[in-house]
Structure formats: C-alpha cells, structure tokens
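Novice: I'll drop the sequence and a predicted model, then ask my questions.
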Amino acid sequence: MSAQTLLRFSTAGGVDDGKSTLIGRLLFDSRSVLEDQVANLARTTERRGGKGLDLALLTDGLAAEREQGITIDVAYRYFATKKRKFIIADTPGHEQYTRNMVTGASTADLTIVLIDAKKGVQPQSRRHAAVASLLGIPHLVVAVNKMDAVGYSQERFEAIRAEFSAVIAKLDFANVHFVPVSALEGDMTVARGKNLPWYRGPALLELLEQVEVKKSTGAPLRFPVQYVAMPGMPGTFHRGYMGRIESGGIKKGDRVLVQPCGLSSTVRDIVTFEGSRECAQAPQSVTLVLADEIDISRGDLITHPETPAQPVRTLDVVLCWMDAAPLQRGGRYLIKHTTNTVKAVVERLDYRLDITTLERDTSATQLALNDIGAARLKLQRPLIVDDYAHVRATGGFIIIDEVTNHTVGAGMVVPSPAGSP
C-alpha cells in the first residue's frame, strides 16, 4: 500500500463512550503529538484536577466542551504513519447534534462507532450506524471501548457483538469489523497491549492502515465549472474552465461532454499552478482548455460522453434537517449543488425515519431539527445530478433558507421510489 494513501474516517458514539480519548490515544501512541502539545496537555490536565495526561483534550478544543466534558462540535485532526495518512472527524454523541455528525461523516471512507462495554448497545449506537449507512460510508468499525472496566471479558465483548450485529444486518455496509479496545489504557488501539490475548484480529490502527479505499480512477468524470478564465487575463492565453475534479480523472485528448447544453469537445490542455499536465484526477483543482469554443458558464458540468450525469427537474432525496424551523410540504428553499444554486419547493414529504428503530413514519407532516426523512423537491430549473450512492459530489447538496441565507439542511439524491410519477 502506498504511503500516500489517505483514509478519512469519523468517530461517533454516546456521551462518555470515549471518542475523544480514543482519538487522543491514536495521536499520542502513534507519536503524532509535538512535545510542546504534550507539555500543555499535562498542565491542562493538572489544572482540571486530573493525573497524567487527559488524552481527550487533544480533540476537545472548544471551551464549552471542556467545561461540560462533552464533544459538541466536529473536531478534525490529521496524522500519518509509515503506511497511510489520516483525517479524523470526531463527531458529537448527543442526539441533538445529529447535524454535526452528518457534517463530519459526509466525506468519510470509514466510521468508528464506539460502544461502552459497561453500558452495551445504546440508542445512540443504532442511530450513528444508521446515519453512517445513509451517508453511504462503506466501512464500519465497531470499537467496544472500556474493556478495562469489565475485566477485559471476552464474554461481554461477544455479547455486544452479537446484539449489534443484528442491528447492522438491516443496514448497508461493505465491511464490518468489531475490535475490543481500552482507549484509557491503550489496549488494542495502536499497540496490542497484554490484556486481550483472546482477540486474534488486528489492533485498531492496524485495521485502519489495511482498509482499502475506493480509488477515484474508476469513477465517472465530474468536473463542475467554478470560474471561466478569459483570454488576456494574467497567465491566461486561452479560454479555460476552472474548478475541482470531484470524481474520476481526465487526460489530454479526452472527448468531453458539457452539461446541460449537450455540446462536446476535446481537452486541449490541463493547467495547474505547476504548469501543463498530461492528466489529472479527483480531487485536483485544474483549468481545462478545450479545442472548441463553447458557451460554458459557472454551474455547468463537464463529463465524459459515455458516462453523463442525469438532468432532472424533480429530486427524490433523503434529508437531514438542521434548522429549528421545521421543513414542511410546500416550503420554498435554495438548493446549493456543486457550483449551482437553484430554487426549489418541497412537493411532498414521504416519511420521517426513526433512527432508533429504523422504522419509517409515513404519517409525518414535517421534519424537525436533527430529523432525517425522505422528500421530493421540485426545481425551478434542471440540475445535473447522480444518485448519492454512485457519486457523492454530484449526489449531495445543501438547503438554504432564501430569506435568512442560513443553511437549514443537507440532502442526498436517491433513486425514485418504484411506481413514483
């Protein structure tokens, strides 16, 4: 495996299940913490009346979090080993912060759900796994934490694994792994430790280093145009189309299709800050120069002709609602999709999902703060989209209140229900 391989993963669990301590342990034991950070951590721990190092403080950066001893926002951390680079999103455990969890997990390749070995499977555990599945995260790691508090009991671990396996059997994950850990003592996190000899699987970090991340090279090209560089601008000799490759790859000489106009051309050049390139792939930011003069503007999508996206006037979606004012049928909003913004109205609300039971409430008339549900949106003009499960970048969007300009929801495009008009 290449040392440059990047794994984005999120953590989630109930309050006091040890998410922040686990991440702190990963950072500390993998020697990803600077000496001055360790010294400051020791001083902060002592000031709060603790002993040694409170590793949770490496991720609980907000003052409010430290005062309450909980994580209320998404904390991102970066570290690397000889085998892989990592970006971690430590997401909240409280039910009222589901929206923060969606934010943190939306770009993850893997999610770690922590379960307290003493408390066992909780409603939050089911909710976090369900949200991760809805977001299309392929890999799930269930870390049964605080094994030290139950005497490192294999029987307790196996009981939790059996119960939670029944829960996630209803969900859609490519791979599921269960690992017994003690974030406090360090067992089976970075090092294996001496207290879990009955567990034969990989330690947590070893597992994270081994997980295969889906490469973007086999994905369809999706290049939303952010800006048009005109001839005569500094450093510009030809009309170019600037943006980030959200999916797939492209090379000089490729035939491309511009959506929604439907015209095609050939890639003459691919330009970056380092100069001209023969090829590029997601998530690189580039300027594409085409062989033909085409009227292209911000919000257009450049694809390969054989794998176009789908133009639609209605969207069947799964939504996570993030605003105190509920979503209701007939509500009018702005949809921000890649580099495009269009007006939309909620044509119907199909159901509200009970995250704990995974049952669908088809009688629901609204989505309240942190609710998840399915709806149909009618658009003022077409958007070029993919199903979220196919391409996240062109299958995801945010919802904006057109009066306050606040982000009020996040959504995922899903296939239309069978028999739907």
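Specialist: Okay, I see it.
Novice: that's a helix at residue 369, yeah?
Specialist: No. Counting by DSSP: H, G, I helix; E, B strand; the rest coil, one finds residue 369 to be coil, located in no helix.
Novice: isn't it right up against residue 408?
Specialist: No. Using CB atoms under 8 Å, residue 369 makes no contact with residue 408, being 9.6 Å away. Where C-beta positions appear, they are placed from N, C-alpha and C, glycine not excepted.
Novice: Could you check which of those two has the larger neighbour count?
Specialist: Taking other CB atoms under 10 Å, residue 369 and residue 408 do not tie; residue 408 has more neighbours (22 against 15).
Novice: What distance do you get for the closest residue in space to the more buried one that isn't next to it in sequence to residue 379?
Specialist: Excluding its sequence neighbours, the residue lying closest to residue 408 (CB to CB, 6 or more residues apart in numbering) is residue 323, at 3.6 Å. Distance from residue 323 to residue 379, counting by CB to CB, to the nearest Å: 20 Å.
Novice: what residues are up against the residue nearest to residue 408?
Specialist: 369, 401, 406, 408-409 (CB atoms under 8 Å, 6 or more residues apart in numbering).
Novice: And the furthest pair within those residues?
Specialist: With distances taken as CB to CB, the most widely separated pair in the contacts of residue 323 is 369 and 401, at 13.5 Å.
Novice: Give the helix, strand or coil label for the residue nearest to residue 408.
Specialist: When the structure is reduced to helix, strand and coil (three-state DSSP), residue 323 reads as coil.
Novice: For it, grab phi and psi.
Specialist: Summarising the backbone geometry of residue 323 under the convention degrees, to the nearest 10, its torsions are phi -130, psi 150.
Novice: Please apply the same query to the one 10 residues further on.
Specialist: As for residue 333, its main-chain torsions (degrees, to the nearest 10) stand at phi -140, psi 170.
Novice: In strands, which of the contacts of residue 323 fall?
Specialist: Counting by DSSP state E, the part of these found in strands is 408-409.
Novice: possible to save the contacts of residue 323 as JSON lines with distance to residue 27 and pLDDT?
Specialist: Compiled in JSON lines, the contacts of residue 323 are given as follows (distance: CB to CB, whole Å; pLDDT from 0 to 100):
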{"residue": "369", "distance to residue 27": "32", "pLDDT": "86"}
{"residue": "401", "distance to residue 27": "38", "pLDDT": "92"}
{"residue": "406", "distance to residue 27": "34", "pLDDT": "88"}
{"residue": "408", "distance to residue 27": "34", "pLDDT": "90"}
{"residue": "409", "distance to residue 27": "33", "pLDDT": "88"}
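Novice: now the contacts of residue 323 as JSON lines including distance to residue 318?
Specialist: Conversion of the contacts of residue 323 to JSON lines gives the following (distance: CB to CB, whole Å):
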{"residue": "369", "distance to residue 318": "16"}
{"residue": "401", "distance to residue 318": "19"}
{"residue": "406", "distance to residue 318": "21"}
{"residue": "408", "distance to residue 318": "15"}
{"residue": "409", "distance to residue 318": "11"}
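Novice: Looking at the contacts of residue 323, which one is closest to residue 173?
Specialist: Of all the contacts of residue 323, the one with the least separation from residue 173 (CB to CB) is residue 409, at 24.6 Å.
Novice: thought that closest one was touching residue 321?
Specialist: Yes. Using CB under 8 Å as the test, residue 409 is close enough to residue 321 to be in contact (5.0 Å).
Novice: Can you pull the residues that touch both of the two?
Specialist: With contacts defined as CB under 8 Å, 6+ apart, the residues adjacent to both residue 409 and residue 321 are 327, 367.
Novice: which residues in the stretch 101-250 of the chain form strands?
Specialist: 110-116, 139-145, 175-180, 223-224, 227-229, 240-244, 249-251 (DSSP state E, counting those that start in this stretch).
Novice: quick one, which of those is nearest to residue 352?
Specialist: Set against residue 352 and scored by CB to CB, these come closest in strand 110-116, at 22.5 Å.
Novice: for the closest one, packing partners?
Specialist: Packing contacts for strand 110-116, counted by 3 or more CB pairs under 8 Å, 6 or more residues apart in numbering; DSSP states H and E, involve strand 6-13, helix 19-29, helix 123-134, strand 139-145.
Novice: Select, out of these, the one closest to residue 305.
Specialist: Ranking those by their distance to residue 305 (criterion: CB to CB) puts strand 6-13 first, at 30.1 Å.
Novice: okay, the angle between that closest one and strand 110-116?
Specialist: With axes from the mean of the first three to the mean of the last three CA atoms, to 10 degrees applied, the angle from strand 6-13 to strand 110-116 works out at 30 degrees.
Novice: Touching strand 6-13 from outside, list them.
Specialist: The set of residues external to strand 6-13 that reach it, using CB under 8 Å, 6+ apart, is 19, 22-23, 84-93, 101, 104-105, 107-116, 124-125, 128, 131-132, 137, 145, 208, 211, 213.
Novice: Then stretch 166-180?
Specialist: 117, 121, 125-126, 129-130, 132-133, 137-144, 147, 152, 157, 161, 164-165, 187-188, 196, 199, 201-204, 207, 211, 358.
Novice: In that stretch, which residues are buried?
Specialist: Within stretch 166-180, the residues that count as buried by 16 or more other CB atoms under 10 Å are 167-168, 171, 173, 176-180.
Novice: Now the two most distant members of those residues.
Specialist: Using CB to CB, the pair of these lying farthest apart is 171 and 180, separated by 21.5 Å.
Novice: circling back: what is the nearest of the contacts of residue 323 to residue 220?
Specialist: For those, the closest approach to residue 220 (CB to CB) belongs to residue 409, at 26.3 Å.
Novice: any idea how far residue 369 is from that closest one?
Specialist: Here residue 409 is placed at a distance of 10 Å from residue 369 (CB to CB).
Novice: who touches both of the two?
Specialist: Here residue 409 and residue 369 have 321-323 as joint contacts, going by CB under 8 Å, 6+ apart.
Novice: Great, nothing more from me.
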